[in-house]
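Q: sequence first, predicted coordinates after that:
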Amino acid sequence: MVTNVAPPGWPREVRPPDAPDWESTASKWLLDLCPPEYRGYPALRRHAVVLARFAVLHVEASLAAVRRGLSEARAELRDVAELDVIEAAIATWQREEARLQGVRRAVGLVEEALRGRRYVARL
């Protein structure tokens with residue numbers, strides 16, 4: 001039986017589920033995604049699955065902010081920036097949205113694994 005399988009989208013910084021010390025690599029990675037203040041909360045440092053839930057919500061909030069920025073960019077920036085600057089801002093938000101979508105998938109996979117889900121290698 002194959003063990004220590006990580007699915008597509010699994011973060012490189014986190015060892016696969018059930019690999020030695022994998023939960024501590026998950027916690028470290030999750031803390032790196034979250035605001036620095038989260039490191040000061042003992043409940044988050046002691047309970048990786050709780051930290052994962054916080055991280056999921058943080059990433060989802062960031063995605064919502066990026067999407068709002070995209071939807072409001074032209075109207076909110078037209079009086080303060082040239083069109084080329086606005087288009088550059090929109091392109092930046094689009095790149096950030098794509099990055100955050102990948103992070104959201106990775107955080108979700110780690111949270112599922114911390115909750116006990118295991119993955120099987122496919123041919």
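A: Here it is on my side, so go on. Residues are numbered from 1 along each chain as shown.

Q: what residue of this protein is the furthest out?
A: In the chain, the residue that sits farthest from the middle, by CA atoms, centre = their mean, is Asp79; the gap is 33.3 Å.

Q: how many residues are close by Ala6?
A: When neighbours are counted by other CB atoms under 10 Å, Ala6 registers 19. For every residue, glycine as well, the C-beta is placed using N, CA and C.

Q: for it, which residues are in contact?
A: 14, 16-17, 109, 119 (CB atoms under 8 Å, 6 or more residues apart in numbering).

Q: where is pLDDT lowest across these?
A: Ranked by pLDDT, the contacts of Ala6 bottom out at Tyr119, which has 89.

Q: name the SS class of that one, please.
A: Assigned with DSSP: H, G, I helix; E, B strand; the rest coil, Tyr119 falls in the coil class.

Q: relative to Glu60, how far out is it?
A: 22 Å (CB to CB, to the nearest Å).

Q: same thing with Ala106?
A: 13 Å.

Q: more neighbours: these two, which one.
A: Per other CB under 10 Å, whichever of Ala106 and Glu60 has more neighbours is Ala106, with 22 against 14.

Q: name the element that one belongs to?
A: Per DSSP states H and E, Ala106 falls inside helix 83-114.

Q: can you give me the buried ones in that helix?
A: 86, 89, 93, 96, 100, 103-114 (16 or more other CB atoms under 10 Å).

Q: and that helix, what other elements does it pack with?
A: Packing partners of helix 83-114 (3 or more CB pairs under 8 Å, 6 or more residues apart in numbering; DSSP states H and E): helix 22-33, helix 48-77.

Q: so the longest one versus helix 22-33, what angle?
A: Going by axes from the mean of the first three to the mean of the last three CA atoms, to 10 degrees, helix 48-77 is angled at 20 degrees with respect to helix 22-33.

Q: what is helix 48-77 packed up against?
A: helix 22-33, helix 42-46, helix 83-114.
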